[in-house]
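Enquirer: Need coordinates for the following:
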Amino acid sequence: MLAGPDAYRLIKHFESLRLTSYLDPKGVVTVGYGHTGDDVHHPSIITREEAERLLNEDVHYFETKLLRMLKRDPTQNQFDAMISWIFNIGEDRAGKSTLIKFYNLGQDNEASTEFLRWSNITIKGKPVRYRGLVNRRQAERELFLTGKMSF
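Expert: Next up is the predicted model:
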């Protein structure tokens with residue numbers, strides 16, 4: 001299964017395009033559509049085409065990771081919602097999550113509620129509710145449950 005257009009719309013909407021590298025709220029060097037990693041240096045500038053390429057590579061990476069975690073076939077909207085979520089939180093945290101556990105047990109409503117639990121960032125060792133993540137998690141949950149997004 002591949003991420004569909006809704007996964008890309010969610011990621012692009014909430015990550016936003018930044019052609020100049022920046023530090024995210026947790027202090028991680030980031031560029032493009034939320035791309036991080038050893039290949040990102042600060043300061044640096046990339047092109048729109050490079051940002052699209054990095055996004056496609058990142059999404060493909062997370063498609064592979066997510067499919068290995070799932071024990072049942074998702075609908076396209078469920079997969080797209082989970083791709084946006086894992087793109088944001090990373091595969092290590094996703095793999096240990098209750099969201100994946102509920103999904104694998106066929107408990108979709110419970111799994112959908114778990115999106116909302118991922119709305120905090122840690123700053124100076126303390127969890128802080130982050131409005132941007134609250135909005136993102138609501139959109140992911142809505143897509144997961146209904147196949148629609150209202151943002």
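
Enquirer: For the protein, name the helix or strand with the lowest mean pLDDT.
Expert: strand 120-123 (a mean of 84; mean pLDDT, DSSP states H and E).

Enquirer: Tell me which stretches of this structure form helices.
Expert: In the chain, the helices defined using DSSP state H lie at 5-15, 48-69, 76-89, 91-95, 98-104, 108-115, 131-146.

Enquirer: Using CSV, list the CA coordinates for the shortest one.
Expert: Written as CSV, here are the backbone C-alpha positions of helix 91-95 (Å, rounded to 0.1, in the frame of the first residue of the first chain):
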residue,chain,number,x,y,z
GLU,A,91,8.7,4.8,13.9
ASP,A,92,10.1,4.0,17.3
ARG,A,93,7.4,5.7,19.2
ALA,A,94,4.7,4.5,16.8
GLY,A,95,5.8,0.9,17.1
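
Enquirer: Give me the buried positions along the least confident helix or strand of the chain.
Expert: Within strand 120-123, no residue is scored as buried using 16 or more other Cβ atoms under 10 Å. All C-beta atoms are positioned from the backbone trio N, CA, C, and that covers glycine.

Enquirer: Assess the claim that Gly34 and Ile89 are in contact.
Expert: No - Gly34 is beyond contact range of Ile89, at 11.3 Å (criterion: Cβ atoms under 8 Å).

Enquirer: Could you list the low-pLDDT ranges of the chain?
Expert: Within the chain, no range satisfies pLDDT under 70.

Enquirer: Could you list every helix and strand in contact with the lengthiest strand in it?
Expert: Counting residues, the longest strand in the chain under DSSP state E turns out to be strand 18-23. Strand 18-23 makes packing contacts with strand 29-32 when contacts are defined by 3 or more Cβ pairs under 8 Å, 6 or more residues apart in numbering; DSSP states H and E.

Enquirer: residues of the strand it packs on that come out buried?
Expert: For strand 29-32, by 16+ other Cβ under 10 Å, it's Val29, Thr30, Val31, Gly32.

Enquirer: residues making contact with that strand?
Expert: 17-24, 36, 40-42, 44, 46, 50-51, 54-55 (Cβ atoms under 8 Å, 6 or more residues apart in numbering).

Enquirer: neighbours around Gly27, how many?
Expert: For Gly27, the neighbour count with other Cβ atoms under 10 Å is 8.

Enquirer: Need the phi and psi values for it.
Expert: Backbone dihedrals for Gly27, given as degrees, to the nearest 10, come out at phi 90, psi 20.
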